[in-house]
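>>> With the sequence up front, the predicted model follows.
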Amino acid sequence: MSALERRPDERRAGTWMGVLILFILAAGFVSFVVAARIWWLPPLASRQGVITDQIFNAILIATAIAFVAVHAFLGIALIRYGAHGERRAAHWHEHLGAELTWTLVPAFGLVVLAILSEVVWAHVYSAPPRNAQVVEVVARQFDWHVRYPAPDGRFGRTDPKFRSTSNLFGEDPSDPVNKQNVVTTNDLHLVVNRPVAVRITAVDVIHSFFLPNFRVKQDAVPGRTVTIWFTPDRTGTYQIACAQLCGAGHYTMRGNVTVESQAAFDAWLRSQQKP
Ligand SMILES: [Cu+2]
């Protein structure tokens, strides 16, 4: 038996490895399809979410094709050459055509996905429309605090020196506009089909403002205010979650989002006015 020939036990091991890889691949695929019917993305309730879902699906399909193709090739090669191959695999270096193919084809796919992702990113972080409803959000272990402007759209002056546990936004008590601003806890109300710009910050540690139904997720960072905007397009009650492990009570850090008509929103806001 020469060095290039393979022993029968070596061949059998290769075959079984190939069968195992194909079995895991098929089982993984079936589990994914079954699980995705139960635990897929929550119902979409914003306009921007459409393009987010599209790029998500494009990346998922591209990576799934690469994953399945590579593992199927590996499994089939092991079965075919593991069982019947009489010789060890040949090796060579510097096959320019093969190296160019497996470098350029994935690189091209990555560039296309990166460009598409940038388009989505640029849209998500573009300036909010001028008619957008504006709300401020402050994250603090383990609640979401929301501040709404006065009926004329103005926010009262704030200063960090006024900040306390009962005044998380640091509202200046000498500014009368602050009397008309409404502050709620874990209760975000939005108007259906009207863009909303949310100014997000935190006062203790990093949190992440997560609205799964709207495909919105933005870190809330102490000392920084980030604005993110979207357009809710379906009425209903949804969830705010914290998507950043922020302490022992992280799992309790959630609130409700209510999307309603302008009239219902106005009535609710009036009911929340400070006496
Ligand atoms: Cu948190």
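Okay, I see it.

>>> For Asp152, what are phi and psi?
Here is the backbone geometry of Asp152 (degrees, to the nearest 10): phi -90, psi 10.

>>> what about it, neighbour count?
The burial count assigned to Asp152 is 7, neighbours taken as other CB atoms under 10 Å. Just so you know, the C-beta spots here come from the backbone N, C-alpha and C atoms, and that holds for glycine as well.

>>> And Ala263, by the same measure?
Ala263 has 9 nearby residues by other CB under 10 Å.

>>> Equivalent analysis for Arg147, please.
Other residues close to Arg147 by other CB under 10 Å number 21.

>>> Specify the beta-bridge partners of it.
Note on Arg147: beta-bridge partners by DSSP bridges are Glu136, Val183.

>>> you'd agree it is up against Gly156?
No. Arg147 lies out of contact with Gly156 (CB atoms under 8 Å); the separation is 9.2 Å.

>>> got any residues that touch both of those two?
By CB atoms under 8 Å, 6 or more residues apart in numbering, Arg147 and Gly156 have these common neighbours: Asn181.

>>> the strands in this structure, which residues?
Along the chain, counting by DSSP state E, strands occupy 133-140, 143-148, 182-185, 187-191, 196-202, 207-211, 216-220, 226-230, 236-242, 254-260.

>>> Tell me which of the ones you listed is the most buried.
strand 207-211 (a mean of 24; mean count of other CB atoms under 10 Å).

>>> hmm, who's touching that strand?
With contacts defined as CB under 8 Å, 6+ apart, strand 207-211 is touched by 137, 139, 144, 198, 200, 216-220, 228, 238-244, 246, 253, 257.

>>> now swap in stretch 171-188 and tell me
Against stretch 171-188 from outside (CB under 8 Å, 6+ apart): 135, 137, 143-151, 154-159, 162, 168-169, 240, 254-258, 269, 272-274.

>>> re earlier: kindly reformat the strands of the chain as CSV containing distance to the ion and mean pLDDT.
Compiled in CSV, the strands of the chain are given as follows (distance: least, CB to the ion, whole Å; pLDDT from 0 to 100):
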stretch, distance to the ion, mean pLDDT
strand 133-140, 6, 95
strand 143-148, 9, 95
strand 182-185, 14, 92
strand 187-191, 15, 96
strand 196-202, 8, 95
strand 207-211, 3, 96
strand 216-220, 8, 95
strand 226-230, 15, 95
strand 236-242, 3, 96
strand 254-260, 9, 96
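
>>> can the ones you listed go into JSON lines with extra columns for distance to Ala114?
As requested, the strands of the chain are exported to JSON lines (distance: least, CB to CB, whole Å):
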{"stretch": "strand 133-140", "distance to Ala114": "30"}
{"stretch": "strand 143-148", "distance to Ala114": "33"}
{"stretch": "strand 182-185", "distance to Ala114": "39"}
{"stretch": "strand 187-191", "distance to Ala114": "32"}
{"stretch": "strand 196-202", "distance to Ala114": "26"}
{"stretch": "strand 207-211", "distance to Ala114": "23"}
{"stretch": "strand 216-220", "distance to Ala114": "20"}
{"stretch": "strand 226-230", "distance to Ala114": "21"}
{"stretch": "strand 236-242", "distance to Ala114": "28"}
{"stretch": "strand 254-260", "distance to Ala114": "31"}
